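[1] coords below, sequence missing:
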């Protein structure tokens, strides 16, 4: 008997659980889930872009003119019917949710698939409150709220709210904004044919916009029109005479993005999202929370550096600055100009001038046998190729000296020796992605166009010891309901060339900033290179660059004009790399590293012949520069090491005044003169000034 009672109560308990459990869950949901409004939909669909620290950069909110609420009575009945034909033909008879569809979606999700269709009420709830997460919890919440909404609001109220909340593409939220965006008129003047086109867009605005895919748009319009006939909402006669409506051209708008300098940053974010497969429709509907790699402090440093340097300069000058974290490829600062809806100068293709010379060294170091920094070349001008002034000339100098004074002849000769294609390959391995087709020896002088972001990325690869990281501006994308759509990988990157090779390239660049009066505060180590592109006319420059890196940040600056015209300062002086671009770069980098301790590059281990400032049998040098010794008197016949404007030595130990007897005597040099006199190239940077003009070749300078 007791056993029977236990079985009886077990059965009753099971029945109660099966019956009362869902009822209790339904009742609790009905009590606690609130009913959304069209404003909730609007706010939940707005994308928010944040800086790396989570602070808000901007909200991608369409202009207020793109969201205008209208009462349902303003929407013509045929247009309402068109929406019902497209999205929910049983709207006025169903309870607000499709139980069969929900069960089908739940079964599909349990099998690893996606959900099924929804009623208009469910769509409204999903867009305004619960989001798109493909889980049973979301379906449960959606069903409860849809039922509650149907109980507390009339069908006309729900339809009116839906039409004011839904996204139609082209930045248009709500049917009134859509009518203006596609037809340039008020919703109350729409024809049934025009209403059918708008209704067909709801499910996939980015796919069925006639300006994007006219065939799909026509197919969808036909489906809606035929559905209206099948429901008795449109007569067969009217259907037979209906034609596909003509829409306005699709306008490229800011979509709520800032129109100041932040606009370029946001557009770069949107372009990267598209590359990641996150569509404009998702951006407009899913309430995305986008975290960028941009540091708010360094971004402000970039903007301030550009503004302060160009203040009072000719108004035709344009500039761009991109800074990248070598350890991750994350873009820390991005300035493409002040007109956020105009040309983004961080993406312009321009000849980089002598900022390409490090890639020649990169190629040379990877030859078999390698050509090291101590390899000596003739730096005297030759026919068709010259240096701008005495400061860039040297009879015989090694690669580090040639890089410091930016000698064109040496690097042109080196590019010929290693092969121009090898230089192009080296640049590509570092991160240059622009076409470098059919290169000749002038590639050493930067005669192939690149963008500021590419150059910053390539320099970041050198700073990272030869490890390339994909430059990126998006670190994480999350929907309004906390689904992670994307998170930037935290991989170790891709090794493109050996660390020792990268360190040797860095060594070649270590003295440039100081020699040009662009050193960073605190005697910080920085590898850099200027670049100036000369026009076809003597004494005129068209583009000027400065790029460089510390161990933790790499940046590139470009200055030029929209018309590729000569660039001059307010005083009429031609602008070179160490001029205004150098000032922008120095101001930005000084601010970017201000709050961090000084860093040193790894120990320098020469590849091949060491630079000539290293005496024979010297101990392996370290990356730290020696302390200045003002009272030291160089021995007879020795030349003091190069010094910067502050009197500190640039790098290394004093160079012997007697040339290496084993150094190669290159064609065009005087063997007796080369052996009898100290290397004049070594002495040139000993007293650098901030006004030294760069060397200029046919169309490129340093």
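    Thanks, I have the structure now. Computed from a predicted structure; not experimentally measured. Numbering: from 1, shown residues only.
[2] residue 283 contacts residue 276, doesn't it?
    No: using Cβ atoms under 8 Å, residue 283 makes no contact with residue 276, being 11.1 Å away. C-beta coordinates here come from the backbone N, C-alpha and C atoms, glycine included.
[3] of the two, who's got more company?
    Of the pair residue 283 and residue 276, residue 283 is the one with more neighbours under other Cβ atoms under 10 Å, namely 21 against 14.
[4] find the centremost residue of this protein, please.
    For the chain, residue 473 is the residue whose C-alpha lies nearest the centre (Cα atoms, centre = their mean; 4.4 Å).
[5] in contact with that one: list those residues for me.
    Contact partners of residue 473, counting by Cβ atoms under 8 Å, 6 or more residues apart in numbering, are 265, 268, 269, 272, 292, 293, 294, 330, 331, 334.
[6] highest neighbour count among those residues?
    residue 331 leads the contacts of residue 473 on contacts (other Cβ under 10 Å) with 31 neighbours.
[7] would you say that residue is within a strand?
    Yes: assigned with DSSP: H, G, I helix; E, B strand; the rest coil, residue 331 falls within a strand.
[8] where does the closest residue to it other than its chain neighbours land on pLDDT?
    Leaving out its chain neighbours, the residue that sits closest to residue 331 by Cβ to Cβ, 6 or more residues apart in numbering is residue 473, at 4.6 Å. Note on residue 473: pLDDT of 98.
[9] how much space separates residue 473 from residue 291?
    Using Cβ to Cβ, to the nearest Å, residue 473 is found at 10 Å from residue 291.
[10] ok, residue 333 next?
    Counting by Cβ to Cβ - residue 333 and residue 291 are separated by 16 Å.
[11] just give me the neighbour total for residue 186.
    Neighbour count for residue 186, taken as other Cβ under 10 Å: 13.
[12] helix/strand/coil for residue 319?
    strand.
[13] that one and residue 581 touch, don't they?
    Yes: judged on Cβ under 8 Å, residue 319 makes contact with residue 581 at a distance of 7.5 Å.
[14] higher neighbour count, these two?
    Neighbours per residue, other Cβ under 10 Å: of residue 319 and residue 581, the larger number sits with residue 581, 31 against 26.
[15] got the phi/psi numbers for that one?
    For residue 581, the backbone dihedrals are phi -60, psi -40 (criterion: degrees, to the nearest 10).
[16] residues in contact with it?
    By Cβ under 8 Å, 6+ apart, the contact list for residue 581 reads 319, 530, 544, 545, 546, 557, 558, 559, 575.
[17] now for these, which pair is the farthest apart?
    The span of these, defined through Cβ to Cβ, is set by 319 and 530 at 14.7 Å.
[18] now residue 547. Nearest residue, chain neighbours left out?
    The shortest distance from residue 547 to any non-neighbouring residue, by Cβ to Cβ, 6+ apart, is to residue 556 (3.9 Å).
[19] then residue 76?
    Sequence neighbours aside, residue 190 is the residue nearest to residue 76 in space, at 5.9 Å (criterion: Cβ to Cβ, 6+ apart).
[20] so what pLDDT did the one you found get?
    97.
[21] using the three-state scheme, assign the residue nearest to residue 561 when sequence neighbours are not counted.
    Leaving aside its chain neighbours, residue 561 sits nearest to residue 316 (5.0 Å; criterion: Cβ to Cβ, 6+ apart). Judged by three-state DSSP, the three-state class of residue 316 is coil.
[22] pipe the contacts of residue 473 into CSV and attach distance to residue 348, secondary structure and pLDDT per row.
    Formatted as CSV, the contacts of residue 473 follow (distance: Cβ to Cβ, whole Å; DSSP: H, G, I helix; E, B strand; the rest coil; pLDDT from 0 to 100):
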residue, distance to residue 348, secondary structure, pLDDT
265, 16, helix, 94
268, 13, helix, 94
269, 19, helix, 94
272, 18, helix, 95
292, 21, strand, 98
293, 21, coil, 98
294, 20, coil, 98
330, 22, strand, 98
331, 16, strand, 98
334, 13, strand, 98
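[23] how about CSV for those, with distance to residue 161 added?
    Shown next, in CSV, are those (distance: Cβ to Cβ, whole Å):
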residue, distance to residue 161
265, 35
268, 36
269, 31
272, 34
292, 34
293, 38
294, 37
330, 41
331, 41
334, 39
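[24] let me know the closest of these to residue 604.
    Using Cβ to Cβ, the contacts of residue 473 come closest to residue 604 at residue 330, 27.2 Å.
[25] contact partners for the closest one?
    When contacts are counted by Cβ under 8 Å, 6+ apart, residue 330 is found next to 52, 293, 324, 471, 472, 473, 475, 488.
[26] again, but for residue 368
    Taking Cβ under 8 Å, 6+ apart, one finds nothing in contact with residue 368.
[27] does it belong to a helix, a strand or coil?
    Three-state assignment for residue 368 (three-state DSSP): coil.
[28] ok, it to residue 422 distance?
    With distances taken as Cβ to Cβ, residue 368 is found 11 Å from residue 422.
[29] likewise for residue 240?
    Relative to residue 422, and taking Cβ to Cβ, residue 240 is found at 69 Å.
[30] could you do residue 556 as well?
    23 Å.
[31] okay, these two: which has more neighbours?
    Using other Cβ under 10 Å, the more surrounded residue of residue 556 and residue 422 is residue 556, with 32 against 20.
[32] surely that one and residue 321 touch.
    Yes: with contact defined as Cβ under 8 Å, residue 556 counts as touching residue 321 (7.3 Å).
[33] common neighbours of the two, please.
    With Cβ under 8 Å, 6+ apart as the test, residue 556 and residue 321 both reach residue 452.
[34] quick one: the strands in this protein, in order.
    47-50, 56-60, 289-292, 318-324, 331-335, 376-378, 396-398, 467-468, 474-478, 484-487, 494-495, 527-534, 541-549, 554-560 (DSSP state E).
[35] flag every buried residue along the longest one.
    So that's strand 541-549. When burial is assessed from 16 or more other Cβ atoms under 10 Å, strand 541-549 yields the following buried residues: 541, 542, 543, 544, 545, 546, 547, 548, 549.
[36] what do residue 319 and residue 581 both touch?
    By Cβ under 8 Å, 6+ apart, the residues touching both residue 319 and residue 581 are 557, 558, 559.
[37] quick one on the thing from earlier: most widely separated two among the buried residues of strand 541-549?
    Farthest pair in these (Cβ to Cβ) is 542 and 549. Separation: 25.2 Å.
[38] quick one on the thing from earlier: compare residue 333 and residue 291 (neighbour count), which wins?
    The residue with more neighbours, out of residue 333 and residue 291, is residue 333; 28 against 21, by other Cβ under 10 Å.
[39] what bits of the stretch 151-300 of the chain have low per-residue confidence?
    252-256, 281, 284-285 (pLDDT under 70).
[40] could you check how far residue 402 is from residue 530?
    Distance of residue 402 to residue 530, given as Cβ to Cβ: 14 Å.
[41] how about residue 425?
    Residue 425 is 24 Å from residue 530, where distance means Cβ to Cβ.
[42] what do you get for residue 287?
    Residue 287 is 46 Å from residue 530, by Cβ to Cβ.
[43] and for residue 248?
    Distance, residue 248 to residue 530, by Cβ to Cβ: 49 Å.
[44] what about these two, which has more around it?
    residue 530 (30 against 14).
[45] okay, and the beta partners of that one?
    Residue 530 forms beta bridges with residue 546, as assigned by DSSP bridges.
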